[in-house]
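Peer 1: predicted model and sequence follow; I will ask about them next.
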Amino acid sequence: MRTYKTQMEAAKKGIITPEMEVVAKKEYMDAEVLREKVAKGVIAIPCNVNHKSISPEGIGEGLRTKINVNLGISGDCKDYSEEWKKVDVALKFGAEAIMDLSNYGKTNTFRTELIEKSPAMIGTVPMYDAIGYLEKDLLDITAEDFLKVVRAHAEEGVDFMTIHAGINRRAVEAFRRDPRKMNIVSRGGSLLFAWMMMTGNENPFYEHYDEVLEILREYDVTISLGDALRPGCIDDSTDGGQISELIELGALTERAWEKDVQVMVEGPGHMAMNEIEANMKLQKRICHNAPFYVLGPLVTDIAPGYDHITSAIGGAIAAASGADFLCYVTPAEHLRLPDFNDVKEGIIASRIAAHAADIAKGVPHAREQDNRMAEARHKVDWEEMFDIAIDGEKAREYFESTPPADRHTCSMCGKMCAVRTTNMILEGKKVEFCTEL
C-alpha cells in the first residue's frame, strides 16, 4: 500500500520508490542520491499511477538527456493506423517519451490504447483536446471545462501534461509592449491568448492553478509548464514576452513543489546559437534548477525541409548547456503533419543531439558506445559496427549499396584504407598496392 501520492512526496519522506530504484539502475546513480534530487525537484520521474506498462525514466540533473516524439492526428490527416507506425518507430529507437498532440475529434480511444501498450512516458496538452473532447467552440469553454479535460487525461494515465499557466495577464502585457515578427507560435498559447482576449478573463490554468495541482497530485502527473510565449523566429528570442513568462514559470514551479507535484519547464523554440547557453543558465536560475524541456531550439529560420538538422544543432548546444529533455523536430516542421519517414529522421537527429550532449556533460558511461564503435572500426568489423550504430539498418544499407571487393575495406578507400594500412604495418606486414591493382 502506497503511503505517498507522488514520487516527490515519497522522496521528501525519505522513501526510495520502486520507480526510483529502476531509474537509479538505468542511470548508474546511487538510489539515495537520486531520491535527494527528486525531493529537491531537480529530477522528475513522470509516472502516472494508472500507466501500468511504463518503464520509468528520470529527467534532470546528472541524468542522460531524454528525447520526446510528438505524434497525433489533425483534421487534415486522421489515420490512426499511421500514428501506430510512428509509435513503433519511436519505441524501436528508444524515445523515452511520446506526446499525443491529436487535435481532432475524440482522441481518448487512441490515447488509452497508447498508455496501455507503451513503456515510454506519455504526454499530452489538454488545451489541444478541449474543443474536440467537449464539442464546444473556444468562446463557449469555461474554466471548469478546461479542468475537466485535465482530469480526464490524468485518469487515463498520462504521465506529464503541458499546461500553459504562465501566460497570465502580466505576461500578455509584456508580450504586447514588445512587438514581435512572429507573435505567438505556440498552439496552446495562442488558444489561451484568444480565449483571454475574447472573454476578458484571466488564464484559467493560472487562476485555478491550485485546483490543477490537486488533480495532478492525485495521479502523480508531472506538470510540464508550457512556454506559450516561446520565440517562433530567431529575431524574437530572449524578448520581454519570453522572459516575463519565464519569471511566472519560476513562481509556478515553487507552488507545484509545495504541493509535491513534479515539474518540468519548457523552453524556447527558435534561437541563434550564441544565445542558447545563456538562455539555459537563465532558465535554470529563474526556475530553481527544475528539469528543462526544449523544442530545438532551431538555430536558423531558412531551412524548411531540414529543420531536424537546425533543431539537432540547437538541441546539442542546449543539452550540453543544461537542458535535460529534447523535443524532436522533423523535416516536416513548418510544412505538414510528419509521415513515418519524417518521424524516423527527427528521432535519429534528436537522439544524436542528446547523445553528443551527454558526452560533453560527462554523463556516466555516455562514451562507452563510441569507444565500442572505435574498437569495431579498428578491427574493420562491419557487423559489430552495424550493431553499435544508432541506425544500423541504414548504415548496412549504405555499405552494401556499393560493396567493396575486399570486405575489410569500404568502397571509398578500397585497398588504400588508412585503418587497413596502419594495422598491416603494426602487424609487421608489407603494404603493396601495385601488385594488387
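Peer 2: Here it is on my side, so go on. Predicted, not measured: the structure shown is a model, and the values here were computed from it. Numbers count the residues shown, from 1 in each chain.
Peer 1: could you point out which element follows the longest helix along the chain?
Peer 2: Ranked by residue count and defined by DSSP state H, the top helix of the chain is helix 340-361. Using DSSP states H and E, the helix or strand that follows helix 340-361 in sequence is helix 368-379.
Peer 1: just the angle for that following helix relative to helix 340-361, thanks.
Peer 2: With axes from the mean of the first three to the mean of the last three CA atoms, to 10 degrees as the basis, helix 368-379 and helix 340-361 are set at 100 degrees to each other.
Peer 1: how about residues contacting helix 368-379?
Peer 2: For helix 368-379, the surrounding residues in contact (CB atoms under 8 Å, 6 or more residues apart in numbering) are His355, Ile359, Glu384, Met385, Ile388, Ala389, Val419, Asn423. Quick note: C-beta positions are derived from backbone N, CA and C, even for glycine.
Peer 1: now do stretch 411-422
Peer 2: The contact list for stretch 411-422 (CB under 8 Å, 6+ apart) reads 377-378, 380, 402-406, 408-410, 431, 433, 436-437.
Peer 1: quick one: which of these sit in helices?
Peer 2: Arg377, His378.
Peer 1: if we can go back for a sec, check the offset of the longest helix of the chain from the chain's centre.
Peer 2: Taking CA atoms, centre = their mean, to the nearest Å, one finds helix 340-361 lying 10 Å from the centre of the chain it belongs to.
Peer 1: before we move on, back to that, of the contacts of helix 368-379, which is the most crowded?
Peer 2: Each of the contacts of helix 368-379 was scored for neighbours by other CB atoms under 10 Å, and His355 scores highest at 21 neighbours.
Peer 1: would you quantify the distance from the closest residue to that residue other than its chain neighbours to Met264?
Peer 2: Of all residues not flanking His355 in the chain, Ala366 sits nearest, at 7.0 Å (CB to CB, 6 or more residues apart in numbering). Separation of Ala366 from Met264 (CB to CB, to the nearest Å): 21 Å.
Peer 1: mind checking which of these two has more residues around it?
Peer 2: Neighbour count, other CB under 10 Å: between Ala366 and Met264, Met264 has more, with 26 against 18.
Peer 1: so which helix or strand takes in Asp210?
Peer 2: Assigned by DSSP H and E, Asp210 falls in helix 209-219.
Peer 1: what is the mean pLDDT for the helix or strand immediately after that helix in the chain?
Peer 2: As assigned by DSSP H and E, the chain's next helix or strand after helix 209-219 is strand 222-225. Averaged across strand 222-225, pLDDT comes to 98.
Peer 1: any idea how far strand 222-225 is from the chain center?
Peer 2: Distance, centroid of strand 222-225 to centroid of chain: 13 Å (CA atoms, centre = their mean).
Peer 1: again, but for stretch 62-71
Peer 2: Distance of stretch 62-71 from its chain centroid, counting by CA atoms, centre = their mean, is 4 Å.
Peer 1: test for you: state the pLDDT assigned to Leu437.
Peer 2: pLDDT, Leu437: 48.
Peer 1: pull out the buried residues from the lowest-mean-pLDDT helix or strand in the chain.
Peer 2: Every helix and strand in the chain was compared by mean pLDDT, DSSP states H and E; the lowest is helix 126-134, with a mean of 83. Residues of helix 126-134 classed as buried: Pro126, Met127, Tyr128, Asp129, Ala130, Ile131, Gly132, Tyr133, Leu134 (neighbour count, 16 or more other CB atoms under 10 Å).
Peer 1: ok, the fourth one touching Val149?
Peer 2: Yes. Proximity of Asp129 to Val149 meets the contact threshold set by CB atoms under 8 Å, at 5.7 Å.
Peer 1: residue boundaries of the helices in the stretch 151-300 of the chain?
Peer 2: Ranges of helices in the stretch 151-300 of the chain, per DSSP state H, counting those that start in this stretch, are 169-177, 187-199, 204-207, 209-219, 240-258, 273-286.
Peer 1: buried among the contacts of stretch 411-422? Make that a ChimeraX selection.
Peer 2: Buried residues within those, by 16+ other CB under 10 Å, are selected in ChimeraX with:
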select :380,404,409,410
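Peer 1: in strands, which of the contacts of stretch 411-422 fall?
Peer 2: With strands defined by DSSP state E, no entry of these lies inside them.
Peer 1: so which of the contacts of stretch 411-422 comes closest to Ser350?
Peer 2: Arg377 (24.4 Å; CB to CB).
Peer 1: shaky segments in the stretch 101-250 of the chain?
Peer 2: Scanning the stretch 101-250 of the chain for pLDDT under 70 picks out the ranges 105.
Peer 1: 80 instead?
Peer 2: 103-106, 131-133 (pLDDT under 80).
Peer 1: tell me, how many residues neighbour Arg372?
Peer 2: 14.
Peer 1: could you do Asp88 as well?
Peer 2: Residues contacting Asp88 under the criterion other CB under 10 Å number 12.
Peer 1: helix or strand for it, which one?
Peer 2: Applying DSSP H and E as the criterion places Asp88 in helix 80-92.
Peer 1: elements contacting that helix?
Peer 2: strand 66-71, helix 108-117, helix 340-361 (3 or more CB pairs under 8 Å, 6 or more residues apart in numbering; DSSP states H and E).
Peer 1: now with 6 Å?
Peer 2: strand 66-71, helix 340-361 (3 or more CB pairs under 6 Å, 6 or more residues apart in numbering; DSSP states H and E).
Peer 1: could these go into a markdown table alongside mean pLDDT?
Peer 2: Below are the helices and strands packed on helix 80-92 laid out as a markdown table (pLDDT from 0 to 100):
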| stretch | mean pLDDT |
| --- | --- |
| strand 66-71 | 96 |
| helix 340-361 | 97 |
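Peer 1: if you compare the ones you listed, which one is most tucked away?
Peer 2: strand 66-71 (a mean of 24; mean count of other CB atoms under 10 Å).
Peer 1: re earlier: tell me what angle the helix holding Asp88 forms with strand 66-71.
Peer 2: 170 degrees.
Peer 1: only C-alpha atoms, please: export stretch 96-110 in CSV.
Peer 2: The C-alpha trace of stretch 96-110 is given here as CSV (Å, rounded to 0.1, in the frame of the first residue of the first chain):
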residue,chain,number,x,y,z
GLU,A,96,11.8,7.9,-23.7
ALA,A,97,8.6,9.9,-24.2
ILE,A,98,5.7,10.2,-26.7
MET,A,99,3.3,13.1,-26.7
ASP,A,100,-0.1,12.6,-28.2
LEU,A,101,-0.9,16.0,-29.7
SER,A,102,-4.1,14.9,-31.6
ASN,A,103,-6.4,17.8,-32.1
TYR,A,104,-9.3,16.4,-34.0
GLY,A,105,-12.4,14.6,-32.7
LYS,A,106,-12.5,12.1,-29.8
THR,A,107,-8.9,11.3,-29.1
ASN,A,108,-9.2,9.2,-26.0
THR,A,109,-9.5,5.8,-27.7
PHE,A,110,-6.0,6.1,-29.2
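Peer 1: fine by me, we can end here.
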